[in-house]
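Enquirer: All I have is the shape, not the residue letters:
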């Protein structure tokens with residue numbers, strides 16, 4: 001019930017995200033360049049602003065950075081299990097997280113990974129997100145219901161420009 005405790009958690013998670021960004025940059029760049037890039041990430045005004053506000057952005061950034069670290073990590077069965085879970089958690093944090101699944105699944109298929117590993121990734125994604133899909137199906141009648149798609153739906157141009165958003 002304490003928003004300041006949640007704000008502190010998000011500040012700490014923001015610092016962890018800088019470290020994760022450093023390790024992700026180390027996959028592609030030298031040590032000095034990785035430090036410079038992670039400092040630029042840490043001093044990004046958007047990151048600094050969202051670190052102080054209680055939003056889901058920092059948690060989403062954490063899951064995205066962590067999923068990319070796992071994606072570029074060693075190739076074993078645990079990688080696909082954890083990647084499926086972390087990708088689903090990013091989707092459950094923000095709906096944009098589904099793009100990670102959409103990117104990773106074809107990438108594994110085009111890389112000709114074993115079918116068992118691709119199914120592990122997809123299966124653990126679905127298993128992790130299944131309670132969300134089930135709840136949506138029971139409450140809203142569709143497992144893929146999205147509040148944003150319902151709330152911002154505009155049926156006529158006149159409604160959007162002259163009676164609602166245009167004001």
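Expert: Looks like it came in fine. Only a predicted model underlies this, so the values are computations on that prediction, with no experimental measurement involved.
Enquirer: Flag every buried residue along the helix or strand hosting residue 8.
Expert: Per DSSP states H and E, residue 8 falls inside helix 3-26. Using 16 or more other CB atoms under 10 Å as the test for burial, helix 3-26 gives 10, 13, 14, 17, 18, 20, 21, 22, 24, 25, 26. Just so you know, the C-beta spots here come from the backbone N, C-alpha and C atoms, and that holds for glycine as well.
Enquirer: Pick the one among those closest to residue 73.
Expert: residue 24 (10.7 Å; CB to CB).
Enquirer: Distance of the closest one relative to residue 95?
Expert: Distance of residue 24 to residue 95, given as CB to CB, to the nearest Å: 23 Å.
Enquirer: lowest confidence element among the helices and strands of the chain?
Expert: Every helix and strand of the chain was ranked by mean pLDDT, DSSP states H and E. The lowest is helix 147-151, at a mean of 54.
Enquirer: ok now do residue 37, which residues does it touch?
Expert: 21, 22, 25, 29 (CB atoms under 8 Å, 6 or more residues apart in numbering).
Enquirer: pLDDT value on the closest residue to the last one other than its chain neighbours, please?
Expert: Meaning residue 29. Leaving aside its sequence neighbours, residue 29 sits nearest to residue 37 (CB to CB, 6 or more residues apart in numbering; 6.6 Å). What the model reports as pLDDT for residue 37 is 90.
Enquirer: quick one, the helix or strand containing residue 37 and helix 3-26 angle?
Expert: Applying DSSP H and E as the criterion places residue 37 in helix 31-42. Angle, helix 31-42 to helix 3-26, by axes from the mean of the first three to the mean of the last three CA atoms, to 10 degrees: 150 degrees.
Enquirer: For helix 31-42, buried residues please.
Expert: For helix 31-42, burial by neighbour count (16+ other CB under 10 Å) applies to 34, 37, 38, 41, 42.
Enquirer: ditto for stretch 70-77
Expert: In terms of neighbour count (16+ other CB under 10 Å), stretch 70-77 has its buried residues at 70, 71.
Enquirer: Now tell me what touches that stretch from outside.
Expert: 24, 27, 79, 82, 83, 86, 104, 117, 120.
Enquirer: Find the residue closest to residue 20 in space, skipping its chain neighbours.
Expert: Closest to residue 20 by CB to CB, 6+ apart is residue 65, at 4.1 Å.
Enquirer: Locate that neighbour within the secondary structure: which element?
Expert: helix 57-71.
Enquirer: Next SSE downstream of that helix?
Expert: With elements assigned by DSSP H and E, the helix or strand that comes after helix 57-71 is helix 77-93.
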